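Enquirer: attaching a predicted model along with its sequence, questions to come.
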Amino acid sequence: MQNIARGITRLNREIGKWASLGVLAIFGLLLADVIMRYLVGRPTIWTAELATLIFGVYAIIGGGYLMAERGHVSVDILYGSFSTRRKAMVDIFTFPLFLLFVGVLLWQGYDIAIEAIEDMERSNSTWKAPLWPTKSLIPVAAGLLLLQGLVRLWSDIRVLMGLDNDPDVFGVQAAADPHPADAGEIQE
């Protein structure tokens, strides 16, 4: 079971690393657009749209990676001060909300992807960029996020059982608040 969790975490981390290269491609495309527009005086019709499509892939495919690295935005007003054990309990308690979100993303993403593939959907721009490859990645990304979420759930259960979690298997672990309110006086 740990080998499966390790494989899921490793897969999401590799995908995240490769997806991060999309930022460089976006930068290059937008730079080329600016150069063509202002220095050459001949704007391109495809660079900004391609940058948008690459950003779409980058944004959706990175969800599993962000979960493995605990990079999703969270409201730490209370959660940040919790112990590791209490954070695990909160994460387990809120897991059904995660399942609801990912379930809708899978369901609707699948419908969007199938329709786009069947129609070989293209943009309405002059360039007529193919949209179906990007849209077909929505359910794939949702599946990767779901798998990493299940790994996170198992990790949280292990925390409640008092077991250690290897970050290579379970991803980055929640850290306890380094400044708990009941720590007493500040030590020098």
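Expert: Nice, I can see it. Residues are numbered from 1 along each chain as shown.
Enquirer: give the contact list for the nearest residue to Asn165 once chain neighbours are set aside.
Expert: Nearest residue to Asn165 in three dimensions, chain neighbours excluded: Ser155, at 4.9 Å (CB to CB, 6 or more residues apart in numbering). In short, each C-beta sits where N, CA and C put it, glycine included. Taking CB atoms under 8 Å, 6 or more residues apart in numbering, we find Ser155 in contact with Ala88, Asn165, Phe170, Gly171, Gln173.
Enquirer: quick check, nearest of these to Val104?
Expert: Gly171 (23.4 Å; CB to CB).
Enquirer: nearest spatial neighbour of that closest one, chain-adjacent residues omitted?
Expert: Counting by CB to CB, 6+ apart, the residue nearest Gly171 is Ala68, at 3.6 Å.
Enquirer: shaky segments in this structure?
Expert: For the chain, the stretches with pLDDT under 70 are 176-188.
Enquirer: can you point me to the longest helix in it?
Expert: Of all segments of type helix in the chain, defined using DSSP state H, the longest is helix 84-119.
Enquirer: following it, which helix or strand comes up?
Expert: The first helix or strand that comes after helix 84-119 along the chain, using DSSP states H and E, is helix 132-160.
Enquirer: what's the first helix or strand after that following helix?
Expert: helix 167-170.
Enquirer: same for that following helix, what does it pack against?
Expert: helix 2-34, helix 132-160 (3 or more CB pairs under 8 Å, 6 or more residues apart in numbering; DSSP states H and E).
Enquirer: how distant is the longest one from the center of its chain?
Expert: Shown here is helix 2-34, whose average C-alpha point lies 10 Å from the average C-alpha point of the whole chain (CA atoms, centre = their mean, to the nearest Å).
Enquirer: center of this protein, which residue is that?
Expert: Centrality entry for the chain: nearest residue to the mean C-alpha point is Gly63, 1.3 Å, by CA atoms, centre = their mean.
Enquirer: excluding chain neighbours, give the residue nearest to that one in space.
Expert: Spatially, and ignoring its direct neighbours in sequence, Gly63 is nearest to Leu145 (4.0 Å; CB to CB, 6+ apart).
Enquirer: from Asp164, how far out is the one you found?
Expert: With the distance defined as CB to CB, to the nearest Å, Leu145 ends up 25 Å from Asp164.
Enquirer: who has more neighbours out of these two?
Expert: Remark: of Leu145 and Asp164, Leu145 carries more neighbours, 25 against 8, as counted by other CB atoms under 10 Å.
Enquirer: so what's the more buried one up against?
Expert: For Leu145, the contacting residues are Gly63, Gly64, Met67, Val102, Leu105, by CB under 8 Å, 6+ apart.
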